[in-house]
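*Asks:* 3D model of this:
(one chain, ligands or ions: 1)
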Amino acid sequence: MLAAVGQFCATSSVALNRQICNGLASKAALLGAKMLFLPEASDFISESKEQTFSLTTNLTDSVFLGDMKQAAKQNNIWVSVGVHEKAKSPNQIYNTHVIIDALGEIVAEYRKIHLFDVDIKNGPRLMESETTLKGPSLGKVVPSPLGKIGLQTCYDLRFAEQSIAQRQRGAEILTFPSAFTIKTGEAHWEILLRARAIETQTFVIAAAQVGQHNPKRASYGHAMIVDPWGTVLAQCENSGEPSLAIAPIDLTFQQTLRVQMPVMEHRRHDIYPAL
Ligand SMILES: O=C(O)CNC(=O)[C@H](CS)NC(=O)CCC(=O)C(=O)O
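*Replies:* A predicted model of the protein is given here:
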């Protein structure tokens, strides 16, 4: 079963982003992938807080998601994608990760639980909590044609407990739609993705935003698929163009590894508490 991970540079033009994501969905299907993984904030990367609020709707009214549901159905492919979602309180949103099945139906929603409030010297200052509410729960592990998927988003990658909790709930694949900053990406992106894959013995699929979104904001790219041994199976080219990388998800390899090196059974919950 083939997975396709996507990478592109979203702007504040939802129409343009829709066109790019549609193109990636038909290309992924042509290449034989059963599921396409798109980045965090695929609907838009805005230029201001005000613009974020004005472009954000609830999931039902999202033109972007409507388009993605249709693309999934037309191309007979599952889609994982990150979008902005209006919350109940005014001027508050959720950073939401959605899974759409090949019939075009939303089968899972996960609202990012760790917010990126970071101020790094000579580096990025981003205060996600100025627009976004923390999600309330871990999110289900969702069956898909590729295997059981644990949904996460971007900065969640830094909190190993979340990945371990999803492995304990049966995850075979962890997925991190992302928009990593260049500075943190260069230092941490691949290392964190491979560490999560190795310690939980899951496949890790990480779609990524790439390039200059607007004068103030750029992303690191390097979307990739990692296997449970920590090998990078495929990685997008950082060419400036929207791109895909494809790899097989071999659950038999994973099962063998989990039997041969049963790290989850070796945990010492008698010494440190179970999650
Ligand atoms: O802004 C939006 O519209 C969408 N949200 C994002 O891009 C989020 C919050 S600013 N980005 C991250 O979490 C980057 C994490 C990161 O770079 C790290 O952990 O190093």
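*Asks:* Just the buried residues of stretch 160-177, please?
*Replies:* 162-167, 171-177 (16 or more other Cβ atoms under 10 Å). Glycine gets a C-beta too; all of them are placed from N, C-alpha and C.
*Asks:* Now C154: closest residue in space that isn't a chain neighbour?
*Replies:* Once flanking residues are discounted, C154 sits nearest to S178: 4.2 Å by Cβ to Cβ, 6 or more residues apart in numbering.
*Asks:* same question, I113
*Replies:* Closest to I113 by Cβ to Cβ, 6+ apart is G135, at 4.5 Å.
*Asks:* again with W229
*Replies:* Using Cβ to Cβ, 6+ apart, the nearest residue to W229 is L257, at 6.4 Å.
*Asks:* what does K34 give?
*Replies:* Per Cβ to Cβ, 6+ apart, closest to K34 is P145, 4.3 Å.
*Asks:* For the one you found, report the pLDDT, please.
*Replies:* Looking at P145, its pLDDT is 98.
*Asks:* I figured it hits N76, correct?
*Replies:* No. Using Cβ atoms under 8 Å, P145 is not in contact with N76, being 10.4 Å away.
*Asks:* Quick check: the gap between T11 and A218.
*Replies:* 12 Å (Cβ to Cβ, to the nearest Å).
*Asks:* next one: K112
*Replies:* Applying Cβ to Cβ to K112 and A218 gives a distance of 20 Å.
*Asks:* ok, those two, which is more surrounded?
*Replies:* The residue with more neighbours, out of K112 and A218, is K112; 25 against 20, by other Cβ atoms under 10 Å.
*Asks:* phi, psi of the more buried one?
*Replies:* Per-residue torsions, K112: phi -50, psi 130 (degrees, to the nearest 10).
*Asks:* Next: the one 5 residues further on.
*Replies:* Listed backbone geometry of D117 is phi -110, psi 90, with angles given as degrees, to the nearest 10.
*Asks:* The residue lying closest to T96 once chain neighbours are set aside is in what secondary structure piece?
*Replies:* Among residues not flanking T96 along the chain, E85 sits closest, at 4.1 Å (Cβ to Cβ, 6+ apart). Using DSSP states H and E, E85 sits within strand 78-86.
*Asks:* What is that strand packed up against?
*Replies:* strand 33-37, helix 63-75, strand 93-100 (3 or more Cβ pairs under 8 Å, 6 or more residues apart in numbering; DSSP states H and E).
*Asks:* circling back: which residues touch the residue nearest to W229?
*Replies:* 201, 228-229 (Cβ atoms under 8 Å, 6 or more residues apart in numbering).
*Asks:* Note down every partner strand of the helix or strand harbouring V118 and its orientation.
*Replies:* Taking DSSP H and E as the criterion, V118 maps to strand 117-119. Within its sheet, strand 117-119 is paired with strand 125-127 (antiparallel), according to DSSP bridges.
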